[in-house]
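Participant: Below is the sequence, then the predicted model.
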Amino acid sequence: MKQRILTGDRPTAPLHIGHYVGSLRNRVALQHDYDTFVLLADVQALTDNFEHPQKIRDNVMEVMLDYLAVGLDPHSATFVLQSQIPEIAELTIFFLNLVTTSHLRQNPTVKTEIAQKGYGESVPAGFFIYPVSQAADITAFGAHLVPVGDDQLPMIEQTVEIVRRFNRLYAPVLTEPKALVGEVPRLPGLDGKTKMSKSMGNAIFLSDSLDEIARKVSGMYTDPNHLKVDDPGEVEGNPVFAYLEAFDPDRQHVQALKDHYGRGGLGDVKVKRYLLEVLDAVLSPIRVRRTEYVQHLELVETALKEGTQRGREVAGQTVQMVREAMKLNYFGPS
């Protein structure tokens, strides 16, 4: 039997190129070697979008289109809609007894996102506990491997702690997962900031047209002191070169550009034009496949519906083992 992968995204917006280099490429490469589950985490998306449920509903299909466009195959990967798997909610409730509020408060990912969103002491409880919900996601499907960006590593560590405590207290029925970080742990935003997101307006989306990508690349942040072509430029912290390192397979050429820029004589416009060529070579085939799937949305809906049905079967098996371990199987298997 193949080992399992659990991966996914919160459908708050279409996926951007940071998702692609962060974990999507890994998912596509590994889907034939692992039993792959791809979770559309719409319940978790509501933790900070609860006032805009239509936004989440609309983006479920957008994210599905992105998944299929990058090469995830419904015959190899199982697409699961989180809200349709009540077993995940049940596991979340059980796991909450195994985690302290103090520990959740110190979770680096949660702390960072609370600060970014300006919640202060008004953080919604659902958002506060979503590391526990993620642990339920991973364990529900018995995932051995979880492809993530480096910002999600604390979530995997939290899951491992929960699994170990559950197995020690009750019975060794839950699978302990391992994180798989992509070659590019995190891609900076177009503005040079650490996080790329739609809300910050600093992302290139997989669904963007060539004209839109060209506009965004043209406006990318570079070295503010590189005022003239002949001026030496700073490569460190320059997102243009971070993107070239992530997407250009010609490593020697990228290094030559970095050296040239660093000693002066290479303008930002020329480097950005080259970056646009590199990005289009990657994203053009994705745009073409996405357009094809848009014309056959019934296939996309079928992949999600059938995948969710299989996902519930697998999660149901996990919950049955958990209930037995916790002495909650009063009436036998459900």
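Facilitator: Yep, that arrived.

Participant: Buried residues, stretch 207-215. List them.
Facilitator: Within stretch 207-215, the residues that count as buried by 16 or more other Cβ atoms under 10 Å are 207-208, 213-214. To be clear about C-beta, it is placed using only N, CA and C from the backbone, and glycine gets the same treatment.

Participant: So what touches that stretch?
Facilitator: By Cβ atoms under 8 Å, 6 or more residues apart in numbering, the residues outside stretch 207-215 that reach it are 14, 62, 65-66, 69, 204, 216, 276, 279-280, 283-284, 287, 290.

Participant: Distance from it to the middle of the chain?
Facilitator: The chain centre lies 22 Å from the centre of stretch 207-215; the measure is Cα atoms, centre = their mean, to the nearest Å.

Participant: which residues in the stretch 51-200 of the chain form strands?
Facilitator: For the stretch 51-200 of the chain, the strands defined by DSSP state E, counting those that start in this stretch occupy 77-81, 145-148, 178-181.

Participant: Need the winner for burial among those strands.
Facilitator: Among these, strand 77-81 has the highest mean neighbour count (mean count of other Cβ atoms under 10 Å), at a mean of 24.

Participant: circling back: please indicate which of the contacts of stretch 207-215 are buried?
Facilitator: Buried among those (16+ other Cβ under 10 Å): 14, 62, 65-66, 69, 204, 216, 276, 279, 283, 287, 290.

Participant: Return the helix or strand in the protein with minimum mean pLDDT.
Facilitator: Across the helices and strands of the chain, mean pLDDT, DSSP states H and E gives its lowest value to helix 108-117, namely a mean of 78.

Participant: counting contacts, what elements does that one pack onto?
Facilitator: Using 3 or more Cβ pairs under 8 Å, 6 or more residues apart in numbering; DSSP states H and E as the contact criterion, the elements in contact with helix 108-117 are helix 125-128, helix 130-140, helix 153-169.

Participant: Alpha carbons of that helix, in CSV - could you do that?
Facilitator: Provided in CSV are the C-alpha atoms of helix 108-117 (Å, rounded to 0.1, in the frame of the first residue of the first chain):
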residue,chain,number,x,y,z
PRO,A,108,4.7,31.0,15.8
THR,A,109,2.4,30.8,12.7
VAL,A,110,-0.6,31.8,14.8
LYS,A,111,1.2,34.6,16.5
THR,A,112,2.4,36.0,13.2
GLU,A,113,-1.0,35.9,11.5
ILE,A,114,-2.7,37.4,14.5
ALA,A,115,-0.3,40.3,14.4
GLN,A,116,-0.7,40.7,10.6
LYS,A,117,-4.4,40.8,10.8
